[in-house]
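**Student:** 3D, please:
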Amino acid sequence: MSRYGRPVKIVTADQATGRPRVRVSAAVRRVRANGPAGQPMLRAELGGGADRITVIWLGRNRIPGIEPGARAGGRG
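**Tutor:** So this is what the prediction gives:
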């Protein structure tokens, strides 16, 4: 159930069709910093296999706690 009392459909990343809003929680597998032309950008790969996603923070090269092995979550 969602916090609003509505049922929540749980699917794996490869089952999500289109571009639905999602909420994820997974282990950080890889972290990379710096974007094109040296602009600050942090990329974290969460999960693995078919359920792997990449989270990108613009304007940041480092976020304390975002490191391989840590658990992280996000929505969007």
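**Student:** can you tell me the element the residue nearest the centre of the chain falls in?
**Tutor:** Nearest to the mean C-alpha position of the chain, by Cα atoms, centre = their mean, lies residue 55 at 4.0 Å. Using DSSP states H and E, residue 55 falls within strand 53-58.
**Student:** which other helices and strands does the next helix or strand after that strand contact?
**Tutor:** Next in sequence after strand 53-58, counting helices and strands by DSSP H and E, comes strand 71-75. If you count contacts as 3 or more Cβ pairs under 8 Å, 6 or more residues apart in numbering; DSSP states H and E, strand 71-75 packs onto strand 23-33, strand 41-46. For every residue, glycine as well, the C-beta is placed using N, CA and C.
**Student:** re the thing from before, for the residue nearest to the centre of the chain, give the beta-bridge partners.
**Tutor:** residue 44 (DSSP bridges).
**Student:** so it sits right up against residue 32, yeah?
**Tutor:** No: Residue 55 lies out of contact with residue 32 (Cβ atoms under 8 Å); the separation is 11.3 Å.
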